[in-house]
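Peer 1: Show me the folded form of this:
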Amino acid sequence: MTRDRVALLSALGIDNFGSGLFLPLGLVYVTQVVGVPLAVAGTAVTLGAVGGLVVPPLAGRLVDRVGPRTVVIGAQLLQAGGIGAYLVATSAGPVVVAAVLLSAGQQLFYSSLFVLIADVAGDGPKDRPFAEVGMVRAASFGLGGLAAAALLTWLGNAGYVIALAVDALTFFAAASILVFFVRLARPHRPVRERSVRVLRDRPYLALILFSGLFGLSLDFFLIGTPVFVLDRLHGPVWLPGAILALLTVLTSLGGTLALRLTARLTRIAAMRVGSALFCAWCLVSLGVLLVPEDWRVVYLLVSTLVFAAGDLVFGPRSGALAEAAAPPVARGRYLAAYQYAFTVAQVISPAVVALFSVADWLPWVLVGACAGLAVAGLGMLGSRLPANAVAPGRS
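Peer 2: Below is the predicted model of the structure:
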């Protein structure tokens, strides 16, 4: 592994440690420290998230024009500004401003990150570099979450303020590493050709759609599991945290192993397997309603293994396929557009979770059906994407 890849992984680890400190607690901070009522706080944060949706197209053009490293550094600084705005917010209005800044920074970051990873990795398949990044970011986010829990346990509300301040510092630290220690193995050359348009590339648009159907499962897991366990099953309060901790351990350790185990599969085939595993996870999780109450904790922990397997198989291959299928002259625009697969899923998932109020089985069936559609759709899509992009990644 080159020095530049090590520096990039270090920067992303520091970044995600800070995110683990604050992101799970953002809404709680607004209600407990700023003092905004929950309903108003939720609306304010949601408005900020929606405001960030306009960023990816602009980010893609910036990446193609000035290069991914510059854009990622700018995204880090913009996110630091968002956290700083949260620190000085005293009412709902400033919270909206802070949420817009943070959401815009996050969208700018994710819209340029995968081009940066690819350019630092150099020529050749990108499956392994994407897997390594996923492992480091998962482990760092989990450590940040543990640190936040310790701060709140020891310091109460003051712990929130410290967590935010440290989060802001991690963005500056990560940006500094990128400035001084990361050089691109594939140097950026400004793009002059403007004829390539993502909206005219129907196979790539289909890839975004089917990846979004998969991505819905990711966000549903994160926000739906606590609701299902605590509100619908009346399970122990520690169980959602234990499930998330188990997922963090598995995804931070298993990325490269999953690549080796699926090395004979094409990227499309691996993504179909991952989607099928998510579909199976929905069916298995729904089955908990038939399990005796004393066995539900063990049953749900075991079902998390199915979800983790799907995430490990799908994640690195999807990023590598999206990067390889994008025309070189428009990689920034294409990968920024690909980000919508997961951004839209983040917006939709709370409404899906709300369907638990209608019936305990309904969200599981809906999310499982989306994963099943991804399996079918990806199967039809493979022959329409570039053959060298679909071929197995060899690292």
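
Peer 1: What pLDDT does the model give Trp361?
Peer 2: Per-residue confidence at Trp361 stands at 93 (pLDDT).

Peer 1: let me fix that: Arg186
Peer 2: In this model, Arg186 carries a pLDDT of 54.

Peer 1: I'd like the numbering to begin with 7 instead of 1 from here.
Peer 2: Will do, 7 is the new start, and the previous item becomes Arg192.

Peer 1: Could you list the low-confidence segments of the stretch 107-256 of the chain?
Peer 2: Filtered on pLDDT under 70, the stretch 107-256 of the chain yields the residue ranges 191-202.

Peer 1: repeat that for 50
Peer 2: Along the stretch 107-256 of the chain, no part satisfies pLDDT under 50.

Peer 1: most centrally placed residue in the protein?
Peer 2: Phe348 (7.1 Å; C-alpha atoms, centre = their mean).

Peer 1: Spit out the contact partners of that residue.
Peer 2: Counting by C-beta atoms under 8 Å, 6 or more residues apart in numbering, Phe348 touches Tyr116, Ser217, Gly218, Gly221, Leu224, Asp225. Using the backbone N, CA and C atoms, a C-beta is placed for each residue, glycine as well.

Peer 1: Likewise for Leu228?
Peer 2: Counted by C-beta under 8 Å, 6+ apart, Leu228 has contacts Leu250, Ser355.

Peer 1: in the helix or strand containing it, what counts as buried?
Peer 2: Using DSSP states H and E, Leu228 sits within helix 208-232. By neighbour count with 16 or more other C-beta atoms under 10 Å, helix 208-232 contains the buried residues 210, 212-228, 230-232.

Peer 1: Tell me how far Ala65 lies from Val103.
Peer 2: 20 Å (C-beta to C-beta, to the nearest Å).

Peer 1: With neighbour numbers in mind, choose between the two.
Peer 2: Per other C-beta atoms under 10 Å, whichever of Ala65 and Val103 has more neighbours is Ala65, with 29 against 17.

Peer 1: so what's that one closest to, chain neighbours aside?
Peer 2: Ser117 (3.6 Å; C-beta to C-beta, 6 or more residues apart in numbering).

Peer 1: What about the one you found, how many residues nearby?
Peer 2: Ser117 has 30 nearby residues by other C-beta under 10 Å.

Peer 1: Helix or strand for it, just tell me which one.
Peer 2: Here Ser117 is assigned to helix 98-127, by DSSP H and E.

Peer 1: same for that helix, what does it pack against?
Peer 2: helix 9-28, helix 44-57, helix 61-72, helix 74-94, helix 133-161, helix 302-331, helix 337-344, helix 346-360 (3 or more C-beta pairs under 8 Å, 6 or more residues apart in numbering; DSSP states H and E).

Peer 1: which one of the ones you listed is the most hemmed in?
Peer 2: Counting by mean count of other C-beta atoms under 10 Å, helix 337-344 has the highest mean neighbour count of the helices and strands packed on helix 98-127, with a mean of 27.

Peer 1: Point out the other elements, helices or strands, that that one touches.
Peer 2: helix 61-72, helix 98-127, helix 208-232, helix 302-331.

Peer 1: what's the spacing between the last one and its chain's center?
Peer 2: Read that as helix 302-331. 12 Å (C-alpha atoms, centre = their mean, to the nearest Å).

Peer 1: now that helix against helix 98-127, angle please.
Peer 2: Taking axes from the mean of the first three to the mean of the last three C-alpha atoms, to 10 degrees, one finds helix 302-331 and helix 98-127 inclined to each other by 60 degrees.

Peer 1: What of the third one?
Peer 2: Angle, helix 208-232 to helix 98-127, by the same axes, to 10 degrees: 130 degrees.

Peer 1: Next: the shortest one.
Peer 2: Helix 61-72 and helix 98-127 meet at an angle of 40 degrees, taking the same axes, to 10 degrees as the criterion.

Peer 1: just checking, what packs against helix 61-72?
Peer 2: Helices and strands touching helix 61-72, by 3+ C-beta pairs under 8 Å, 6+ apart, are helix 74-94, helix 98-127, helix 337-344.

Peer 1: dump the residue contacts of the closest residue to Asp21 other than its chain neighbours.
Peer 2: Spatial nearest neighbour of Asp21, excluding adjacent residues (C-beta to C-beta, 6+ apart): Ala180 at 4.2 Å. Residues counted as contacts of Ala180 (C-beta under 8 Å, 6+ apart) are Ala17, Leu18, Ile20, Asp21, Gly24, Gln82.

Peer 1: who are the neighbours in contact with the first one?
Peer 2: Under the criterion of C-beta under 8 Å, 6+ apart, the contact list for Ala17 reads Ala179, Ala180, Ala181, Ile183, Leu184, Phe187, Val188.

Peer 1: Fine, thanks again, bye for now.
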